[in-house]
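A.B. asks: Need a 3D model of the sequence below.
(chains A and B)
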Protein chains: 2
Amino acid sequence: MTQPALIALDWGTTSLRAYLIASDGSALDTRASSAGIMKLPAGGFDQAFEETCGAWLDAHPRLPVVAAGMVGSAQGWVEAPYVETPAGADALVAGIVKVTAARGVIVHVVPGVLERGTLPNVMRGEETQIFGALASDASLDATSGALIGLPGTHAKWAFVRDGRIERFYTFMTGETFGALRDHTILGRTMHPSSTPDQTSFLRGVDTAHDAGHPGLLATIFSTRTLGLTGELSAEQQPDYLSGLLIGHELRGLNEVLAREQATLAGKTLRLIGNDALCDRYRAALARFGCHDAKTVAHATERGLYGIAAQAGLATSPARAA
Amino acid sequence: MTQPALIALDWGTTSLRAYLIASDGSALDTRASSAGIMKLPAGGFDQAFEETCGAWLDAHPRLPVVAAGMVGSAQGWVEAPYVETPAGADALVAGIVKVTAARGVIVHVVPGVLERGTLPNVMRGEETQIFGALASDASLDATSGALIGLPGTHAKWAFVRDGRIERFYTFMTGETFGALRDHTILGRTMHPSSTPDQTSFLRGVDTAHDAGHPGLLATIFSTRTLGLTGELSAEQQPDYLSGLLIGHELRGLNEVLAREQATLAGKTLRLIGNDALCDRYRAALARFGCHDAKTVAHATERGLYGIAAQAGLATSPARAA
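C.D. replies: Below is the predicted model of the structure:
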């Protein structure tokens, strides 16, 4: 049996995911917990860590431990100050901050990344997933640069080149969708549907994509008025609104690219995230001419393993196929 | 003493405002009530009408009554089906639907306006205010067309020409602001401020206005990150977010205008709404080069009076100075 070489933690706001990783970089075991950092009582980090990883450490007391995500924020277990863009894996390794758990084990906390400017951006956890994607796909190392998208509550889009995160954007797409559906007039005419309505979703994407509208604050009202005119049923309205918002996200990204004579259609692009959501983004990206947006699997544990290896905490990372 | 000639009701979702109007079009008395149509019990229209206007009708039993707003919606007292764009005052008069109140008085309900298309739009009540603005300012009748903005929960911007509403847009600016502040992560770092922070507001407007950003879903996140980097205090964040959203609204409007070789800076433009909100919009419009956006006072009662007069319910409207 392959020996474990590392315990890796993806510790975010609402959940904690732990990986027991072998010396070839593959996950031998995983544990998921709802012990996100915003859900813990004071001093709760040690207890959550013990409950999630205690059995592994009982069996293998000398395993190194690495953690990424909001666990390194000002509200986390220990604050690992942001590393600034452009940021490579070496900078993340140099920025690791250690915290000693109650059982004496040292937890190595990976810093997040900050981009300064008129519109500052921050990430914690996604930087590690991005380096996991880079480690698993040699084509992303090309000097022409690649674009990596991480859909979700706060979607991130990172421009990477030469193994570094050059800059990135945060789109509050998922959280805005929830706020509009649950707390504005738009939700009043909606009914949840048990099956996704791809046609309504793509109608929303196309509406956001096409020229002629005056922006998101105006297009979203059509979720309601297309219902009033009998063109969208109550069950179709949630998928239409979702398509609108994701369409506006991609349109915004495309406009940023246009200023550097690029387009989504011509970019090397990868997605990281849950399969259903990445599928939605892939369908939306196709409407923008981008048909090569593969989802990168296992980016989280590969990223954590790669950073641990570069920090000398685990054997050198195995390059995944 | 001037004799009353009309009772005019502006009856919306959350409030009812009643005007006792003289034959010269001026308001002799007003009554405000929170009896908006969404707050009434079944059959509550008659009671709210009686409570608000009963004393006036006791004194002047033969006064005609006209009403505009959501009172004419499918959820209203009687449904007055939408009139379609382009819509003039004559079409609104022709679309009036009558309902008889318990005391035998006939209430004349003005229809709303519908614009069909890929992004349908609807208004109820604003059409009457727009005709009130046209009646009070001869320069808006010019054939070159004017733009009338009605800031609020659902801001409307109407293109009027030759006395008709040609087309209009609805921006969910106010409601989106509330949903983002009260139901997303952005509110967590905000503190309410007792005094408006004009500098932060304009910073938001300018950020939305300037090129280089990837759209609203991305810029709003800067409300949080400018706090993280120490550039916006908790008290400044609400005004910054408000400026961002109003800036995105005006940017969207400007992009629509650009497609017809026009700009906000070059448009004849008027605002209808409460003074504080119109002041905010005026400050934002100035950043888009528009320095001539006067607020039209008394648009509601003037619009109601004008439609009533055109319907033969009151003496001919007095043209305001």
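
A.B. asks: low pLDDT regions in the stretch 201-321 of chain A?
C.D. replies: Across the stretch 201-321 of chain A, the ranges flagged by pLDDT under 70 are A:315-321.

A.B. asks: hmm, 50 instead?
C.D. replies: Low-confidence regions of the stretch 201-321 of chain A, defined here as pLDDT under 50, cover residues A:317-321.

A.B. asks: That one: strands as residue ranges?
C.D. replies: When assigned using DSSP state E, counting those that start in this stretch, the strands of the stretch 201-321 of chain A occupy the ranges A:269-271, A:293-295.

A.B. asks: Can you tell me which of those strands is most buried?
C.D. replies: Burial among these, expressed as mean neighbours by mean count of other CB atoms under 10 Å in any protein chain shown, is greatest for strand A:269-271, which shows a mean of 23. Placement of C-beta: from N, CA and C, glycine included.

A.B. asks: Check the offset of that strand from the chain's centre.
C.D. replies: Here strand A:269-271 is found 11 Å from its chain centre; the criterion is CA atoms, centre = their mean, to the nearest Å.

A.B. asks: Alpha carbons of stretch A:178-198, as CSV, please.
C.D. replies: As requested, C-alpha coordinates have been extracted for stretch A:178-198 and formatted as CSV (Å, rounded to 0.1, in the frame of the first residue of the first chain):
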residue,chain,number,x,y,z
GLY,A,178,-29.1,34.6,-4.8
ALA,A,179,-29.7,38.2,-3.5
LEU,A,180,-31.8,39.1,-6.6
ARG,A,181,-33.8,35.9,-6.5
ASP,A,182,-34.4,35.8,-2.8
HIS,A,183,-34.6,39.5,-2.0
THR,A,184,-36.0,41.5,-4.9
ILE,A,185,-39.3,41.6,-6.9
LEU,A,186,-37.7,39.1,-9.5
GLY,A,187,-38.2,36.2,-7.1
ARG,A,188,-41.9,36.9,-6.6
THR,A,189,-42.8,35.6,-10.1
MET,A,190,-40.4,32.6,-10.0
HIS,A,191,-41.0,29.0,-9.2
PRO,A,192,-38.1,26.7,-8.6
SER,A,193,-37.7,24.0,-11.2
SER,A,194,-36.4,20.5,-10.5
THR,A,195,-34.7,20.3,-13.9
PRO,A,196,-32.4,22.9,-15.4
ASP,A,197,-33.9,24.7,-18.4
GLN,A,198,-31.0,25.0,-20.8
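
A.B. asks: thinking again about what came up before, now the strands of the stretch 201-321 of chain A in CSV, with distance to chain B?
C.D. replies: Converted to CSV, the strands of the stretch 201-321 of chain A look like this (distance: least, CB to the nearest CB, whole Å):
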stretch, distance to chain B
strand A:269-271, 15
strand A:293-295, 17
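
A.B. asks: Just put those in TSV and tack on distance to A:Arg287.
C.D. replies: Formatted as TSV, these follow (distance: least, CB to CB, whole Å):
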stretch	distance to A:Arg287
strand A:269-271	14
strand A:293-295	12
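
A.B. asks: Can you spell out the domain ranges of chain A, please?
C.D. replies: Chain A breaks down into these structural domains: A:4-137+A:302-310, A:171-295 (assignment by automatic domain parsing).

A.B. asks: quick one: which of those domains is nearest B:Val97?
C.D. replies: Proximity to B:Val97 (CB to CB) singles out domain A:171-295 among the domains of chain A, at 17.7 Å.

A.B. asks: Endpoint to endpoint, that closest one covers what distance?
C.D. replies: Its start and end residues considered, domain A:171-295 measures 19 Å (CA to CA, to the nearest Å).

A.B. asks: could you redo the domains of chain A as CSV and give each row distance to B:Thr184?
C.D. replies: Putting the domains of chain A into CSV (distance: least, CB to CB, whole Å) gives the following:
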stretch, distance to B:Thr184
domain A:4-137+A:302-310, 13
domain A:171-295, 5
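
A.B. asks: so which of these gets nearest B:Thr300?
C.D. replies: Comparison of the domains of chain A against B:Thr300 by CB to CB identifies domain A:171-295 as nearest, at 21.7 Å.

A.B. asks: Who's the closest spatial neighbour of A:Asn121, skipping the chain neighbours?
C.D. replies: The shortest distance from A:Asn121 to any residue that is not its chain neighbour, by CB to CB, 6 or more residues apart in numbering or on different chains, is 4.5 Å, and that residue is A:Glu115.

A.B. asks: What's opposite A:Val107 in the beta bridge?
C.D. replies: Under the criterion DSSP bridges, A:Val107 forms beta bridges with A:Val65, A:Val99.

A.B. asks: got the contact list for it?
C.D. replies: With CB atoms under 8 Å, 6 or more residues apart in numbering or on different chains as the criterion, the residues that contact A:Val107 are A:Leu9, A:Phe49, A:Val65, A:Val66, A:Ala67, A:Trp77, A:Lys98, A:Val99, A:Thr100, A:Ala101.

A.B. asks: Tell me, what's the model's pLDDT at it?
C.D. replies: On pLDDT, A:Val107 comes in at 98.

A.B. asks: can you check A:Ala142 too?
C.D. replies: Checking the pLDDT column for A:Ala142, the value is 64.

A.B. asks: for the one 3 residues further on, same thing?
C.D. replies: pLDDT, A:Gly145: 85.

A.B. asks: just the helices in chain A please.
C.D. replies: Taking DSSP state H to define them, one finds helices in chain A at A:44-59, A:89-94, A:126-136, A:173-183, A:198-209, A:216-219, A:222-228, A:237-258, A:275-287, A:299-310.

A.B. asks: In a markdown table: those, plus distance to chain B and mean neighbour count.
C.D. replies: What follows is the helices of chain A, written out as a markdown table (distance: least, CB to the nearest CB, whole Å; neighbours: other CB atoms under 10 Å in any protein chain shown):
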| stretch | distance to chain B | mean neighbour count |
| --- | --- | --- |
| helix A:44-59 | 20 | 17 |
| helix A:89-94 | 18 | 19 |
| helix A:126-136 | 13 | 27 |
| helix A:173-183 | 4 | 20 |
| helix A:198-209 | 7 | 21 |
| helix A:216-219 | 4 | 25 |
| helix A:222-228 | 4 | 23 |
| helix A:237-258 | 3 | 24 |
| helix A:275-287 | 13 | 18 |
| helix A:299-310 | 22 | 27 |
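
A.B. asks: And those helices: which comes nearest B:Asp279?
C.D. replies: Distance to B:Asp279, taken as CB to CB, is lowest for helix A:216-219 among these, at 20.1 Å.

A.B. asks: Check what contacts the closest one and list those residues.
C.D. replies: The contact list for helix A:216-219, computed with CB under 8 Å, 6+ apart, reads A:207-208, A:213, A:244-245, A:248, B:119, B:169-173, B:176, B:215-217, B:245, B:248-249, B:252.

A.B. asks: can we see that at 7 Å?
C.D. replies: A:207-208, A:213, A:244, A:248, B:119, B:169-173, B:176, B:215-217, B:245, B:248-249, B:252 (CB atoms under 7 Å, 6 or more residues apart in numbering or on different chains).

A.B. asks: for stretch A:51-66, same thing?
C.D. replies: Counting by CB under 7 Å, 6+ apart, residues outside stretch A:51-66 touching it are A:4, A:6-8, A:16, A:18, A:20, A:31, A:33, A:103, A:105-108, A:110, A:304, A:307-308, A:313-314.

A.B. asks: try stretch A:25-38
C.D. replies: Residues lying outside stretch A:25-38 but in contact with it, judged by CB under 7 Å, 6+ apart, are A:2, A:4, A:11-22, A:48, A:52, A:70-71, A:75-76, A:301-302, A:305, A:317-318, A:320.

A.B. asks: just how off-centre is it within its chain?
C.D. replies: The chain centre lies 15 Å from the centre of stretch A:25-38; the measure is CA atoms, centre = their mean.

A.B. asks: tell me the mean pLDDT over it?
C.D. replies: The predicted model gives stretch A:25-38 an average pLDDT of 93.
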